[in-house]
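Participant: Okay, predicted coordinates and the sequence, questions at the end:
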Amino acid sequence: MKLQSVKDIKDLKDKRVLVRADFDVPTKSKVKSLKSKVVEVEDDYRIRAAVPTIKYLLDKEAIVILIAHLGRPKGRKDKDLSLQPVAEHLQKLLRRKVIFLPYGDFSKHENQVTKKGRVKIFVLENLRFWKGEESNSKSFAKELSSLADYYVNDAFAVCHRKHVSVSAINQYLPGYAGLSLEQEIGHLSQIMKKPRRPLLGVMGGVKISTKLPVMENLLKKVDLLVVGGALANNFIKACGWEIGRSVIEKKYIEEARELMSNKKSGEKVIIPVDVKVGTSLESRKAIWRSVDEVKKNEYILDIGPRTRRLYTQLVRHAGSVIWNGPLGLFENKHFKAGTQAIVRACAKARGVDIIIGGGDTLSAVGRQRLSRKRNVFLSAGGGAMLAFLAGDELPGLEPLIKKQ
């Protein structure tokens, strides 16, 4: 898949460029006094991902208007979800003046961004404060487009959303892909079309309902697909084994059984041979069980040591790896060993192309440990990555595809 790139725009000098960024970052409140508090960015990974595109546009003397969302305000103003702290953080990163455009009249914002002056960077208030954003309103798209001459999508994480800033905006402005989005699609397309073999899929997380279409499509491409997390419980149950009080989506047990019994793809699916269980989700003791020995009052919360060794060896001997979803309840330190074993395997793998995606997965792996590895790409996409891997059309990508 080739996208129309921001680099394809010939003349950017003094042109206004609306950049859809991914600024949905974790924040924290700090109390300054009894009457005031400040909100600060806790993890700026997503903000930093937008910097290469911003700097490229600034180097071309363009005016940059950044648009994004934060949280789920559901079409109403919420001061705790304002993007102003993000604008302030971005100003520190760039060491350049950044003007924040508050919720309000777009005609005033248009006048501000067209003013002549040294300021070239603006951040618009949380898009989801406007009701039209999530409903993909054409009237809101028209208002938003009044701010710019070009539109650049640099937020892969929202490309599966049919929202104004992802979809309808393309009807009013010529659209292009930002540098971060190009990188995301380049890595995912490469590993899906021309991967180094063997290609290993690692699928974890909670819901099989969101992962099943991905798994079905991946099984056409991968050589092996290993499963873990609560996702694996459906497969364990489909084999007729006890899963106790573990999280499961009962209506998908039959689908899991069909996936494993499929003549073409069933042999590719690898499920845990042993697990770590607890008597509650807050359990401070991890008990080892063979996969067929789980008791009725227990929760399966991680893969076991034999499974860890098996999965680790598969990662190390792979040519390419696609990983989405933690393999256990990593938030509880007693049940993070399975996920951490795969992290270590990825860190030590040589000559293996690795893509890791999903918000929980990135939180579990710890970005700092793997971000410097040249063979590892950390995808910002969660739902968007799953949709892409499932072969779905993404509303944010379709308008940007280069016409042959």
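Facilitator: Everything's here; your move.

Participant: so how far is residue 185 from residue 133?
Facilitator: Separation of residue 133 from residue 185 (C-beta to C-beta, to the nearest Å): 23 Å. To be clear about C-beta, it is placed using only N, CA and C from the backbone, and glycine gets the same treatment.

Participant: and the closest residue to residue 62 other than its chain neighbours, what is it in contact with?
Facilitator: Nearest non-adjacent residue to residue 62, counting by C-beta to C-beta, 6 or more residues apart in numbering: residue 12, 4.1 Å away. By C-beta atoms under 8 Å, 6 or more residues apart in numbering, the contact set of residue 12 is 57, 60-62, 150.

Participant: Repeat that for residue 129.
Facilitator: Residue 129 neighbours (C-beta under 8 Å, 6+ apart): 73, 75-78, 81, 103.

Participant: Over to residue 208?
Facilitator: Here residue 208 is in contact with 231, 234, 249, 252, 255-256 (criterion: C-beta under 8 Å, 6+ apart).

Participant: Please repeat the previous calculation with a cut-off of 7 Å.
Facilitator: Neighbour list for residue 208: 231, 234, 249, 252, 256 [criterion: C-beta atoms under 7 Å, 6 or more residues apart in numbering].

Participant: in the strand or helix carrying residue 321, what's buried?
Facilitator: Element membership for residue 321, per DSSP states H and E: strand 320-324. For strand 320-324, a neighbour-count test (16 or more other C-beta atoms under 10 Å) marks 320-324 as buried.

Participant: give me the number of residues near residue 183?
Facilitator: For residue 183, the neighbour count with other C-beta atoms under 10 Å is 18.

Participant: Assign it to helix, strand or coil.
Facilitator: helix (DSSP: H, G, I helix; E, B strand; the rest coil).

Participant: which outside residues touch the host helix or strand of residue 237?
Facilitator: Per DSSP H and E, residue 237 falls inside helix 231-238. By C-beta under 7 Å, 6+ apart, the surrounding residues in contact with helix 231-238 are 203-206, 208, 211, 227, 243, 246-249, 252-253, 256-257, 260, 271-272, 291, 300, 325.

Participant: mind checking how far it is from the chain centre?
Facilitator: 25 Å (C-alpha atoms, centre = their mean, to the nearest Å).

Participant: and it, C-alpha only, in PDB?
Facilitator: Only the C-alpha atoms of helix 231-238 are listed here, as PDB (Å, rounded to 0.1, in the frame of the first residue of the first chain):
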ATOM      1  CA  LEU A 231      -7.800 -14.900  24.900                       C
ATOM      2  CA  ALA A 232      -6.200 -18.400  25.400                       C
ATOM      3  CA  ASN A 233      -9.000 -19.400  27.800                       C
ATOM      4  CA  ASN A 234     -11.400 -19.900  24.900                       C
ATOM      5  CA  PHE A 235      -9.000 -22.300  23.300                       C
ATOM      6  CA  ILE A 236      -8.300 -24.200  26.500                       C
ATOM      7  CA  LYS A 237     -12.000 -24.500  27.200                       C
ATOM      8  CA  ALA A 238     -12.600 -25.600  23.600                       C
END
